[in-house]
Every structure is written in structure tokens, then in C-alpha cells.
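Student: got a predicted structure plus its sequence, pasted below:
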Amino acid sequence: MFRLLPPPRTIEVAAAAILIGGSLATASAAGERPSLPRALVGTWSLVAADVQHPDGSISRDYGAAPRGSMMVDAAGHYTLMIYMSERPRFASGDRATGTPEEYRETALGMSVHYGMLSADVKAHTLTFAIEQASFANWNGTRQVRHYQLQGGVLRYTVAARPNGDIPISIWRKLG
């Protein structure tokens, strides 16, 4: 059986609000909570997954028609998936019995990770605190990416690969 409690007094409610607000401000100032512009929160669809080569030329990094989705919530949790749409199917129909070439194409044909996202608006950088990734070497890492956000289109560059290639991701916000 539920028991009704008397309504709280105004002073107690005001004091609780001040304490909670002060705690949130302190946590934010201490950097315990990621900073994220409201414009980054939502669901994004991949427009392009390109790569800029050391000679300045640009090509498609995930084929002619890459597919992808990124979701970011207000607390900074994110999931990101990029796939090459032309990935070959396994001839056996069983992913446990693929050929070395099928496994290679599968691994190179996707980039998937999730974790926490924060932004430095003044520096135009995003920081992906990656919890888990399809490329296990990224697990537990923090990656900073330079970004531009304009009119519902997000463009960022990934740090250069060992060969000098710089991946470029372009996303369009849905809704």
C-alpha cells in the first residue's frame, strides 16, 4: 500500500535545486561531463566517406556508395557505423567458414565504434572516447577530429594513416 507524503516546503525544494544545480555546474567545470553542442545531438546519415591522399587528390574510401549511421544522445553517448555497400557475400553463406579474402574484405569494408563524444567548439574539434570498435586497436582510445558543422551537415577529418591518407567523413542530420 502506498502512503502519501506531505508536499515539500518551498524552501526545501529551492535548497535542493540549488544543491543539484551547483553539483552539475561543478561536474561540468571539472570536465567530468562531456561538452556537446545541441546541434550534434541526433541521428545522422552518411553522405560520404572519402580519403585525401598525400598528393592532395581525393578518392572514395568505402566505395562508390558507402552506407552509414551515427547516433548521438544529449549525454554524449554515440554509435557510429560506416560500411562499404559493395562488400562481397561469403560464398559458403556461413561467416564462420569464410575465406581469408572474404574476411579481409569484411574487415576493411567497415568502421564501427561506440563510446562518448565531446566537442571543443572554439577549436572545432570532436573527441571520440572509443569504448569498443570493429578495429580492436581503437578500443579504449581517445581520437580528436577537426570538424565543420553547417546547415545540418557535419564534416570531419580523421588523423592521418601511416601512409599519409586522411579519411574524411561527411554526415547529414536526419529530421
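Tutor: Here it is on my side, so go on.

Student: what ranges does the chain have for its strands?
Tutor: Here the chain has its strands, by DSSP state E, at 42-52, 58-60, 67-72, 77-83, 110-120, 125-133, 142-150, 153-157, 166-173.

Student: okay if I get those as CSV plus mean neighbour count?
Tutor: Bear in mind the C-beta positions are built from the backbone N, C-alpha and C, glycine included. Output for the strands of the chain, formatted as CSV (neighbours: other CB atoms under 10 Å):
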stretch, mean neighbour count
strand 42-52, 17
strand 58-60, 11
strand 67-72, 18
strand 77-83, 19
strand 110-120, 19
strand 125-133, 17
strand 142-150, 15
strand 153-157, 17
strand 166-173, 19
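
Student: I'd like those as CSV, with distance to R95 appended.
Tutor: Output for those, formatted as CSV (distance: least, CB to CB, whole Å):
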stretch, distance to R95
strand 42-52, 23
strand 58-60, 25
strand 67-72, 19
strand 77-83, 15
strand 110-120, 13
strand 125-133, 19
strand 142-150, 28
strand 153-157, 31
strand 166-173, 26
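
Student: L126 touches R142, doesn't it?
Tutor: No. If you go by CB atoms under 8 Å, L126 and R142 don't touch, sitting 10.8 Å apart.

Student: related to what we said a few turns ago, want to throw the strands of the chain into TSV with mean pLDDT and distance to R104?
Tutor: Output for the strands of the chain, formatted as TSV (pLDDT from 0 to 100; distance: least, CB to CB, whole Å):
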stretch	mean pLDDT	distance to R104
strand 42-52	97	18
strand 58-60	97	18
strand 67-72	98	19
strand 77-83	98	15
strand 110-120	97	12
strand 125-133	98	17
strand 142-150	97	24
strand 153-157	98	25
strand 166-173	98	19
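
Student: G98 is nearest to which of those strands?
Tutor: Proximity to G98 (CB to CB) singles out strand 110-120 among the strands of the chain, at 14.2 Å.

Student: determine the set of other helices and strands touching that closest one.
Tutor: Other helices and strands packing on strand 110-120, by 3 or more CB pairs under 8 Å, 6 or more residues apart in numbering; DSSP states H and E, are strand 77-83, strand 125-133.

Student: now the last one and strand 77-83, what's the angle there?
Tutor: On the basis of axes from the mean of the first three to the mean of the last three CA atoms, to 10 degrees, strand 125-133 is oriented at 80 degrees to strand 77-83.
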